[in-house]
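> Below: sequence and its predicted model.
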Amino acid sequence: MARLPGPSLCGALLGLVCLTAPGAAVEVHVPAEPLSTPAGQTAELACSYSTSVTDSFALEWSFVQPGRPISASLPILYFTNGHLYPTGSKAKRASLLQNPPTGGVATLKLTDVRPSDTGTYLCHVNNPPDFYTNGMGLINLTVLVPPSSPSCSQTGQTSVGGSAALSCSSAEGAPKPVYSWVRLGSSPTPPPGSMVQDEVSGQLILTNLSLASSGTYRCVATNQMGSASCELSFSVTDPSKGRVAGALIGVLLGVLFLSVAVLCLIRFQKERRKRPKETYRGSDLREDAIAPGISEQTSVRADSSSGLLKKPLSASAVETTKSKLPMVV
């Protein structure tokens with residue numbers, strides 16, 4: 001007698017039949033290609049679905065910023081119980097192409113799009129008991145923005161034989177701009193290989209600098225929305241010329257200093273010659289004069305012998321002395 005299958009085997013077979021049997025499903029359709037819209041215009045994010053709409057039908061649109069997981073999405077609007085409820089920071093700019101969205105079209109309209117609107121949008125249809133699929137579609141939107149005016153800068157050693165890097169970057173631009181450098185004017189062209197540029201980073205590398213590397217360089221940032229540029233004056237210095245110039249300046253300063261000194265000396269000599277010489281009249285007697293008949297050496301010896309240097313006699317004393325001397329006939 002054949003044995004009947006056990007309860008566990010029956011349950012497994014029943015589950016397999018349930019999984020393989022066709023059932024009601026919510027199918028959501030969105031474009032496979034990413035969507036791009038210029039800033040300031042209206043973006044239409046197409047979304048359609050197929051299901052038998054019931055009283056439990058619900059539609060939700062949400063948004064997630066680039067680089068973040070789907071679980072971090074934020075609601076934009078939702079439709080349920082016959083009413084539309086915009087929400088979030090985009091509420092005033094978000095609406096449905098068809099309202100109510102019960103005819104199979106759930107397209108979202110977003111007016112006056114901005115760079116911050118770039119990201120992933122989720123169209124989610126929920127219609128119990130149709131749970132055969134997740135009822136979700138994803139659309140990637142890029143808001144196109146022309147490049148802003150780039151900023152030009154330079155780094156490195158700008159002397160002959162050195163290397164330098166010219167940098168260029170725009171704060172805004174979507175898609176990301178590409179950068180190109182061009183040297184203006186009719187100056188001699190630098191040797192091949194001495195200029196290498198990176199269109200992605202916006203850098204221009206200048207190697208083995210020479211005086212011919214000097215000039216004005218222009219950077220142009222470009223994307224499909226437009227272009228913008230900036231210019232940079234680049235100058236290469238020659239240290240050897242700087243040393244020669246420094247030596248020449250030193251010589252000139254030395255000559256100038258010597259010339260000033262000579263002029264000052266000549267002027268001093270002229271002023272010295274112009275000074276009047278001091279003269280004494282015969283009738284004037286100085287306090288330090290020595291009496292007639294007495295030599296200076298005698299006076300000094302006399303004073304020295306007494307241990308003191310006496311003050312010379314005055315004029316009146318000299319006259320008295322002369323009157324007391326005997327006259328020889």
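Alright, I've got the coordinates. Numbers count the residues shown, from 1 in each chain.
> just the strands in the stretch 151-300 of the chain please.
151-156, 164-169, 178-183, 195-198, 203-206, 215-223, 226-234 (DSSP state E, counting those that start in this stretch).
> Run through the neighbouring helices and strands of the fifth one.
When you say that, I think you mean strand 203-206. strand 164-169, strand 195-198 (3 or more Cβ pairs under 8 Å, 6 or more residues apart in numbering; DSSP states H and E). In this view, the C-beta of every residue, glycine as well, is placed from N, C-alpha and C.
> now swap in the last one and tell me
Based on contacts counted as 3+ Cβ pairs under 8 Å, 6+ apart, the elements that strand 226-234 packs against are strand 151-156, strand 164-169, strand 215-223.
> so how far is residue 125 from residue 221?
Separation of residue 221 from residue 125 (Cβ to Cβ, to the nearest Å) stands at 42 Å.
> which one of the helices and strands packed on strand 226-234 lies closest to residue 134?
Across these, residue 134 has its closest neighbour in strand 215-223 (35.6 Å, Cβ to Cβ).
> Per the annotation, how does the chain divide into domains?
23-144, 151-237 (automatic domain parsing).
> Adding mean pLDDT and distance to residue 250 as columns, could you present these in CSV?
CSV is the format used below for those (pLDDT from 0 to 100; distance: least, Cβ to Cβ, whole Å):
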stretch, mean pLDDT, distance to residue 250
domain 23-144, 92, 59
domain 151-237, 91, 19
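> possible to save those as JSON lines with mean neighbour count and distance to residue 273?
Shown next, in JSON lines, are those (neighbours: other Cβ atoms under 10 Å; distance: least, Cβ to Cβ, whole Å):
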{"stretch": "domain 23-144", "mean neighbour count": "16", "distance to residue 273": "88"}
{"stretch": "domain 151-237", "mean neighbour count": "16", "distance to residue 273": "53"}
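> Figure out which of those domains is closest to residue 254.
Within the domains of the chain, the stretch nearest residue 254 is domain 151-237; the backing value is 25.4 Å (Cβ to Cβ).
> How far does the closest one sit from its chain's centre?
Chain-centre distance of domain 151-237: 16 Å, with Cα atoms, centre = their mean, to the nearest Å.
> and if you look at stretch 54-61?
Its chain's C-alpha centre and that of stretch 54-61 lie 52 Å apart, by Cα atoms, centre = their mean.
> quick check: longest helix of this protein.
Ranked by number of residues, the top helix in the chain under DSSP state H is helix 239-274.
> taking the mean pLDDT, what do you get for it?
Regarding helix 239-274, the rounded mean pLDDT is 74.
> what's in contact with stretch 62-81?
Here stretch 62-81 makes contact (Cβ atoms under 8 Å, 6 or more residues apart in numbering) with 55, 57-61, 84-88, 90-91, 94-96, 99-101, 108, 117-122, 124, 138.
> Stretch 92-104 too?
44, 48-50, 53, 57, 59, 61, 76-77, 79, 82, 84, 86, 105-112.
> Please repeat the previous calculation with a cut-off of 6 Å.
For stretch 92-104, the external contacting residues (Cβ atoms under 6 Å, 6 or more residues apart in numbering) are 48-49, 53, 59, 76-77, 79, 84, 86, 105, 107, 109-112.
> cool, and stretch 174-181?
Stretch 174-181 has contacts (Cβ under 6 Å, 6+ apart) with 144-145, 147, 168, 170, 197, 199, 202, 204, 217, 219-223.
> Dump that stretch to PDB, restricted to CA.
Output in PDB follows, covering the C-alpha atoms of stretch 174-181 (Å, rounded to 0.1, in the frame of the first residue of the first chain):
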ATOM      1  CA  ALA A 174      26.500  70.700 -14.800                       C
ATOM      2  CA  PRO A 175      27.600  68.500 -16.300                       C
ATOM      3  CA  LYS A 176      31.000  69.100 -14.900                       C
ATOM      4  CA  PRO A 177      33.000  71.500 -17.200                       C
ATOM      5  CA  VAL A 178      36.100  70.500 -19.100                       C
ATOM      6  CA  TYR A 179      39.000  73.000 -19.000                       C
ATOM      7  CA  SER A 180      41.400  74.100 -21.700                       C
ATOM      8  CA  TRP A 181      44.300  76.500 -21.600                       C
END
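> picking up where we left off before, now, among the contacts of stretch 92-104, which is nearest to residue 192?
Lowest distance from residue 192 to the contacts of stretch 92-104 (Cβ to Cβ) belongs to residue 112, with 49.4 Å.
> could you measure that closest one against residue 76, distance?
14 Å.
> Over to residue 217?
Per Cβ to Cβ, residue 217 is found 46 Å from residue 76.
> Quick check: end-to-end length of stretch 186-193?
Taking Cα to Cα, to the nearest Å, the first and last residues of stretch 186-193 lie 19 Å apart.
> now stretch 146-165
25 Å.
> Write down the beta-bridge partners of the spatially most central residue of the chain, one by one.
For the chain, the residue nearest the mean C-alpha position is residue 153 (7.4 Å; Cα atoms, centre = their mean). On the basis of DSSP bridges, residue 153 is bridged to residue 167.
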